[in-house]
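S.K.: Got a sequence here, can you build the structure:
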Amino acid sequence: MDYEALGKNIRTERKKQQLTQEQLSEKAGISSVFLSQIENGKGIPSLETVVSITFALNVSLDYIVLNGRKQSKVLENELPKLLKKHPNKEKELLIDSLKYLLSRLERELD
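M.R.: Below you'll find the model as predicted:
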């Protein structure tokens, strides 16, 4: 992974949202010093930290990691293929389950 590009993408989005490093770091649950290191490509964040930052910025992981260049293949190609194989009742259950899992993940990272 290109950590310099990742940090630049985080900084760009933070500034676009008019957030200070202190504000974003508080929302993401990390120190402002570590956020500064990440933005400068000197700190190597865990996946959990990157996800926390994306939730705090209210953007997708793809957007931060890829700088909005392309959508995830899972979202764009695989998920619809997986759902297509199931009857509507099962699709509803699968979608409800995914929503539940995502809400749990968000609560865990808050």
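S.K.: From here on, just use CA atoms for contacts and neighbour counts.
M.R.: OK.
S.K.: neighbouring contacts of the lengthiest helix in the chain?
M.R.: As assigned by DSSP state H, the longest helix anywhere in the chain is helix 88-109. Helix 88-109 has contacts (C-alpha atoms under 8 Å, 6 or more residues apart in numbering) with 52, 55, 83.
S.K.: Give me the distance between Leu82 and Glu92.
M.R.: Relative to Glu92, Leu82 is positioned 13 Å away (C-alpha to C-alpha, to the nearest Å).
S.K.: hmm, I was thinking of His86
M.R.: In terms of C-alpha to C-alpha, His86 sits 10 Å off from Glu92.
S.K.: What mean pLDDT does stretch 23-42 get?
M.R.: Over the span of stretch 23-42, the pLDDT mean works out to 96.
S.K.: Repeat that for stretch 54-67.
M.R.: Mean predicted lDDT for stretch 54-67 stands at 86.
S.K.: Now do it: distance from first to last residue.
M.R.: Start-to-end, stretch 54-67 (C-alpha to C-alpha) is 12 Å.
S.K.: Please renumber the chain so that the first residue is 33 from this point on.
M.R.: Happy to do that; since the first residue is 33 now, the last one works out to stretch 86-99.
S.K.: quick one: buried residues of it?
M.R.: Using 16 or more other C-alpha atoms under 10 Å as the test for burial, stretch 86-99 gives 86-89, 92-93, 95-99.
S.K.: Farthest-apart pair in those, please.
M.R.: Spatial extent of these (C-alpha to C-alpha) is set by the pair Ala88 and Leu98 at 17.3 Å.
S.K.: In this protein, what residue spans correspond to strands?
M.R.: Remark: strands of the chain are absent; assignment by DSSP state E.
S.K.: Centroid-nearest residue for this structure?
M.R.: The residue lying closest to the centre of the chain (C-alpha atoms, centre = their mean) is Leu93, at 3.0 Å.
S.K.: Perfect, I'm done here.
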